[in-house]
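Asks: sequence plus the predicted model coming up.
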Amino acid sequence: MSISFDATDHAIVEQLRSNGRATNQQIAEALGLTATTVSTRIRRMEEANQLRVVAESDFSAHGYDLLLRVTIEVEGRPASDVARELAALPEVFAAHLVTGSYDIDLLVALHEIDELGPFLLDRIGAIRGIRCVTPSTIVDIVKYQFDVVPIEPEA
């Protein structure tokens, strides 16, 4: 189900983007609405799967000091099957099927460098159908943002 966003919906989303923990009452006061209106509109957007309020964690605050981008080439097996197995690994926080010179792109969080070998050799290496693995260490996070989808109010 798709819904049309109007200026009020857009303003509510902007309030949530600036403070995801804001109460309906706080949002209502900031926008000159009632808390019931805010609650109803948020529920409508959530039920249409067009809004999801989530918490964003800090990797280093949870002891993850090594972030990796790992590209995978697949052979002899559907890439989607391999991607599902990789996505089930707890260290993998994002798995994407992609086009180009490789088939799968992973984002991985590890606590320390000593975990790298066992992760690549034992965990990833045990998955059938992987032809080539290319890990890249993330040295700095320039942008990490969930609210990148622009929501335009209906004209």
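Replies: Yep, it's here.

Asks: contacts, neighbours, all on C-alpha from now
Replies: Noted.

Asks: where do the helices sit along the protein?
Replies: 7-18, 24-31, 35-47, 79-87, 116-117 (DSSP state H).

Asks: pLDDT weak spots in this protein?
Replies: Filtered on pLDDT under 70, the chain yields the residue ranges 1, 146-155.

Asks: R41 and D9 touch, don't they?
Replies: Yes. With contacts counted by C-alpha atoms under 8 Å, R41 reaches D9, the gap being 6.8 Å.

Asks: now distance to L106 too, for the helices of the chain, in TSV please.
Replies: What follows is the helices of the chain, written out as TSV (distance: least, C-alpha to C-alpha, whole Å):
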stretch	distance to L106
helix 7-18	26
helix 24-31	36
helix 35-47	28
helix 79-87	8
helix 116-117	14
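
Asks: so which of these is nearest T71?
Replies: Of all the helices of the chain, helix 79-87 sits nearest to T71, with 11.0 Å by C-alpha to C-alpha.

Asks: in this protein, which spans are strands?
Replies: Along the chain, counting by DSSP state E, strands occupy 66-74, 92-97, 104-110, 130-138.

Asks: which of those sits closest to S4?
Replies: Of those, nearest to S4 by C-alpha to C-alpha is strand 92-97, at 28.6 Å.

Asks: now do that closest one: distance to the chain's middle.
Replies: Relative to its parent chain, strand 92-97 has a centroid offset of 9 Å by C-alpha atoms, centre = their mean, to the nearest Å.

Asks: tilt between that strand and helix 79-87?
Replies: Angle of strand 92-97 versus helix 79-87, following axes from the mean of the first three to the mean of the last three C-alpha atoms, to 10 degrees, is 170 degrees.

Asks: may I see the buried residues of strand 92-97?
Replies: Along strand 92-97, these residues count as buried under the neighbour rule (16 or more other C-alpha atoms under 10 Å): 92, 95.

Asks: partners of it, with directions?
Replies: If you go by DSSP bridges, strand 92-97 pairs up with strand 104-110 (antiparallel).
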